[in-house]
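> sharing a sequence plus its predicted fold:
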Protein chains: 2
Amino acid sequence: MEKEKLVFEKYLVSKGLKLTKPRKIILDTVFATHEHFNVDGLYDQIRKKHKDVSRATIYRTIPLLVESGLIKQSLRCLAKDHYEHTYGHDRHLHLICEKCGKIIEVESKEAESILKKLAKIHNFDIKEYNVGAKGLCRKCSD
Amino acid sequence: MEKEKLVFEKYLVSKGLKLTKPRKIILDTVFATHEHFNVDGLYDQIRKKHKDVSRATIYRTIPLLVESGLIKQSLRCLAKDHYEHTYGHDRHLHLICEKCGKIIEVESKEAESILKKLAKIHNFDIKEYNVGAKGLCRKCSD
DNA sequence: GATAAAATTGAGAATGAGTCTCAAAATAGT
DNA sequence: ACTATTTTGAGACTCATTCTCAATTTTATC
């Protein structure tokens, strides 16, 4: 958690921005769990403790977290953008339930190595990749 | 093009639906090129020839085309859902150049089989999958 | 620690892609 | 043609996200 704060602060300073209270609260809440999150969930989570952080500020802070390399935009699910941690996390792929919205994270070195192989063939320099599937989770497919 | 029409008609009949004029126009326009498309672009394209197809009907027809297996939802770009042909096209993954926007389509049976294997382990019923990477293409990485 | 300039915030209005409603029009079976 | 059913266009609506702007907070400077 402290590491994330340092990374974020360093990024903000480099851009002439400030690590304000709302930004600190958002950062803390984002990294309080290892889950994927979306703005609504994050807002609810924050509201449990702090009545003074607005949705607008969350929407404004997320691009800063993305730019700083701490999180990245991930799936779009139920018409909502979702985000996931990137700092200190291995790559993984997603199985997304279209019915209940559950996200199963799966590690796969295989998928990664295949993509790398294909990228090499096409002289493509991969910065970021995404592997995933949509469908029904165990519970919802009964 | 005729094949697509047959596939679509067969699907519609199986659902007790009709291949109406607007649906025919939409189908024709979608398969007039091999490009990815979004609703706005499709609407503009259709409007050049036909003044009588509404956005609502396009939005209503796209899920039918998806269900019939002719197209699938693809990338989301500039806040818009994009679609791509699937009928007669092998599954492929995308290498998207972040600089010039070029999309390289790559075939890979391997990626598909890995996803299927992982889904089985997690009792997940895959309806749709997506594999891709962002980065720099050959030209842009020089 | 007071002050002022600059950055940031909260609240709510605005935007815009996608969905829904419903009366009118097209379709298919008889 | 006649009727029942499906489909359509137009526009209202939804809802995630973005924008606006006056009020507040922050930081640098005294």
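Ah, there it is. Residues are numbered from 1 along each chain as shown, chains lettered A, B, ... in the order given.

> how is chain A carved up into domains?
With automatic domain parsing as the criterion, the domains of chain A are listed as A:2-85, A:93-135.

> from these, which stretch is densest packed?
Highest mean neighbour count among the domains of chain A (mean count of other C-beta atoms under 10 Å in any protein chain shown): domain A:93-135, with a mean of 18. Just so you know, the C-beta spots here come from the backbone N, C-alpha and C atoms, and that holds for glycine as well.

> quick one: end-to-end distance for it.
Across domain A:93-135, the terminal residues are separated by 14 Å (C-alpha to C-alpha, to the nearest Å).

> still on that earlier bit, which one of the domains of chain A lies closest to chain B?
Ranking the domains of chain A by proximity to chain B (C-beta to the nearest C-beta) places domain A:93-135 first, at 3.7 Å.

> tell me if the closest one is near chain B.
Yes - shown here: domain A:93-135 in contact with chain B (C-beta under 8 Å from any C-beta of the partner chain) through A:93, A:95, A:97-98, A:104, A:106, A:108, A:110-111, A:114-115, A:118-119, A:121-135.

> assign A:Leu118 to helix, strand or coil.
For A:Leu118, the assignment made with DSSP: H, G, I helix; E, B strand; the rest coil gives helix.

> ok, now which ones touch it?
A:Phe124, B:Leu93, B:Leu95, B:Val106, B:Ser108 (C-beta atoms under 8 Å, 6 or more residues apart in numbering or on different chains).

> now chain A against DNA strand D: closest residue?
Closest to DNA strand D within chain A is A:Asp81: 3.2 Å, counting by C-beta to the nearest atom of the strand.

> can you pull the contacts of that residue?
A:Asn38, A:Val39, A:Gln73.

> again, only this time at 10 Å
A:Asp81 is in contact with A:Asn38, A:Val39, A:Tyr59, A:Ile62, A:Gln73, A:Ser74, A:Leu75, B:Arg76, B:Ala79, counting by C-beta atoms under 10 Å, 6 or more residues apart in numbering or on different chains.

> do the same with A:Arg60
Counted by C-beta under 10 Å, 6+ apart, A:Arg60 has contacts A:Pro22, A:Arg23, A:Ile26, A:Ser54.

> so for it, what pLDDT did the model give?
Note for A:Arg60: predicted pLDDT of 98.

> alright, I will stop here.
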